[in-house]
Every structure is written in C-alpha cells, then in structure tokens.
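Novice: Mind looking at a prediction? Sequence and model below.
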Amino acid sequence: MEQVFQFFFTYKEAIFIIALSIFLGIEVISHVPAVLHTPLMSGANAVSGVIIIGGIILVGHADLSHFSLSLVLGILALIFATLNVVGGFAVTDRMLEMFKKKKK
C-alpha cells in the first residue's frame, strides 16, 4: 500500500493533468452540435491513419526472429487503428446518407 502512495506522490502532477484532461474532454464532447459530428469523425479517422503508419514503421523495424514488445505493440496498433478507420468511415457514410434528399 505504501508503494501505491509513493507512486501517486511521485507522479501527482501527471495524474492531475490526466484527470483534468478527462473532465475537459467530456465537457467539450458533450457540447458539440450534431452538425459537427461528421467532420470530427473524419478528423479522428485521419489521426488513426497516422497511427496505422506508425504501426507499419514499428513492425518494419521490429526483430522478426522472435516475439518482441515492439512487434506485438505494432501489430496491435495496426489492428485497432484499422478497425477504428473502417468503423469511422462506415459511421460517417451512414451519417452522410441521412442528409441526402430522398428520391420520390
């Protein structure tokens, strides 16, 4: 238990910043109008695209003769970022379909 207190005491500034960023993120996201959700989703897809490039670089530089931490993290980054990009584009496409005029 003393180690936990020591950890919190050592990293109290970082923990405080993380807690504030969580509250700030919740506050910002809850006040975003519905019209802006599609552009924000596209921005999130762009960030995930950068993560995919980083994962490719990480896997490319990893030692393939044995399982290393960089190889595992690179593969996980590729999988999760790809899922995020594909899911984000699917949601964005469905949202854009709602704004199209229906044919009679």
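Specialist: Noted; the coordinates are in hand.

Novice: which SSE is residue 75 in?
Specialist: Secondary structure assignment for residue 75, by DSSP states H and E: helix 69-99.

Novice: so which strand or helix has the nearest residue to residue 91 once chain neighbours are set aside?
Specialist: With C-beta to C-beta, 6 or more residues apart in numbering as the criterion, residue 91 has its nearest non-adjacent residue at 6.1 Å, and that residue is residue 41. The way it works is simple: take the backbone N, C-alpha and C, and place the C-beta from them, glycine included. Using DSSP H and E, the element containing residue 41 is helix 37-61.

Novice: And that helix, how far out from the chain middle?
Specialist: How far helix 37-61 lies from its chain's middle: 8 Å, per C-alpha atoms, centre = their mean, to the nearest Å.

Novice: How about residues contacting that helix?
Specialist: 32, 70-71, 73-78, 81-82, 84-85, 88-89, 91-92, 95-96 (C-beta atoms under 8 Å, 6 or more residues apart in numbering).

Novice: What is the burial count for residue 84?
Specialist: By other C-beta atoms under 10 Å, the residues close to residue 84 number 17.

Novice: Perfect, I'm done here.
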